[in-house]
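Participant: got a sequence here, can you build the structure:
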Amino acid sequence: MVKGMKMMKVAVFSVAAALAVCVLVFVGSSAQTSRRPTQLPPLPVNEKGFPASLAPVVGAEHAFAQRSIDEGMKPAFLAYAAPDGVVVNRQGPVNAIETWSRRDPAPAGLLTWWPTYADVSRAGDMGWTTGPFEFREKPTQEKPDDTGHFFTVWRRQPDGFWKWVLDLGIRHPAPEVTETALSYPASLKKSLKPAAADVDASRRSLVDAERTLSEASASVGFRTALLARADDSLRLYRQGTFPLVGKESVAKAVKVLSEYITWKPLKADVSASGDLGYAYGSYELRTNKSDEKPAELGHYARVWKRDPKGPWRVVFNVANPAQ
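Facilitator: Modelled structure (predicted):
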């Protein structure tokens, strides 16, 4: 989904959801109820202690969003999409530049978004962001017509400019209180030098982690398989509900979830430091393990993170059914 566009409606597993807070570093105000539709929450990048490596990632997201406000969605998406940048819609992953270039006339309306969580690799070459989005048919109206959360993976390009390589998200009702604070992993506060990494080997190990997760999910169920490989900061995004934040919250909210899901990555990539990576692809969901035909087909994205010598852990998971 391209950050809440109505033509890219998504739907994922229908279970009860809850919003919780995981152990993170919070910066800035926690809510801003009087924010104007065209006013983005300020970034705390100049505050003391803000991780220097994260500043260009959230700065790129902020500039991307501001350009959407100033010039419209089409110019913004074309300017900040990497040549191989992908958006995931109901038909699956498609090249962003090709897709947006064909949109003539350009879509109208006001699409705004801002990051409330972000992370970056130790090498400072890959990062990801997520946060709320709002879409208004008329830019001047107070209440949005559509709300949800976006998800973006960013890559530093050879020229040093940051562009996004993956974009999708979920839709859900407008929250009672608008979240504006930017949070990030506490580990970014530490000055850790990137360890030397074999990128090809790291990529193979991430693909292997995807494979073992898929095998376990098809055997013991998605909930059990995911929680066994999840980081404490796990974020789980589902259509129609607020994001689940924190492994404990996910475990409580999906106690009755017993779907059996197989995942097939179409692409996986890792940072130069081998500590951050992502994958996206297709999935098949079966209500019962013995079902011959899947009850649902769709596409997914997942972010993995690890210590230099530790196992990969899932920090983010989102899926878009094809229906």
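
Participant: relative to Leu166, how far out is Asp231?
Facilitator: Applying Cβ to Cβ, to the nearest Å, the value for Asp231 to Leu166 is 19 Å. Heads up, the C-betas are built off the backbone N, CA and C, glycines and all.

Participant: so Val120 touches Gly127, yeah?
Facilitator: Yes. Taking contacts as Cβ atoms under 8 Å, Val120 lies within contact range of Gly127: 3.8 Å.

Participant: which neighbours do the two share?
Facilitator: Leu54, Val57, Leu276 (Cβ atoms under 8 Å, 6 or more residues apart in numbering).

Participant: wait, which of these is closest to Phe135?
Facilitator: Nearest to Phe135 among these is Val57, at 23.5 Å by Cβ to Cβ.

Participant: got a list of what that closest one touches?
Facilitator: Taking Cβ under 8 Å, 6+ apart, one finds Ala118, Val120, Gly127, Trp128, Thr129, Trp154, Trp162 in contact with Val57.

Participant: one more time with 10 Å
Facilitator: Contact partners of Val57, counting by Cβ atoms under 10 Å, 6 or more residues apart in numbering, are 51, 115, 118-121, 124, 126-129, 152, 154, 156, 162, 184.

Participant: now do the contacts for the nearest residue to Ala218 once chain neighbours are set aside.
Facilitator: Excluding the flanking residues, the one nearest Ala218 by Cβ to Cβ, 6 or more residues apart in numbering is Thr262, at 4.8 Å. By Cβ under 10 Å, 6+ apart, the residues touching Thr262 are 213-215, 217-219, 222, 282-286, 294.

Participant: let's see that with 6 Å instead.
Facilitator: By Cβ atoms under 6 Å, 6 or more residues apart in numbering, the residues touching Thr262 are Ser214, Ala218, Glu284.

Participant: returning to that earlier point: what's the closest of the shared contacts of Val120 and Gly127 to Lys189?
Facilitator: The closest of the shared contacts of Val120 and Gly127, once distances to Lys189 are taken by Cβ to Cβ, is Leu54, at 10.2 Å.

Participant: can you give me the strands in the stretch 1-150 of the chain?
Facilitator: 25-27, 81-89, 92-95, 110-113, 117-120, 126-136, 146-156 (DSSP state E, counting those that start in this stretch).

Participant: what are the pairing partners of the third one, and which direction each?
Facilitator: Take DSSP bridges as the rule and strand 92-95 pairs in its sheet with strand 81-89 (antiparallel).

Participant: just the mean pLDDT for the strand it pairs with, thanks.
Facilitator: What strand 81-89 shows for mean pLDDT is 94.

Participant: give me the residues contacting it.
Facilitator: 2, 8, 93, 96-97, 155, 163-168, 299, 320.

Participant: again, but for stretch 95-107
Facilitator: By Cβ under 6 Å, 6+ apart, stretch 95-107 touches Gly72, Met73, Lys74, Phe77, Leu78, Ala81, Gly85, Val87.

Participant: buried subset of those residues as a PyMOL selection?
Facilitator: Those of these that count as buried under 16 or more other Cβ atoms under 10 Å are selected in PyMOL with:
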select buried, resi 72+73+74+77+78+81+85+87
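
Participant: most widely separated two among the contacts of stretch 95-107?
Facilitator: Within the contacts of stretch 95-107 (distances taken as Cβ to Cβ), the two that end up farthest apart are Gly72 and Gly85, at 17.9 Å.

Participant: let me know the pLDDT of Thr38.
Facilitator: 75.

Participant: then Glu47?
Facilitator: With respect to pLDDT, Glu47 has a value of 94.

Participant: can you check Gly310 too?
Facilitator: 88.

Participant: equivalent analysis for Val254, please.
Facilitator: 78.

Participant: fine by me, thanks again.
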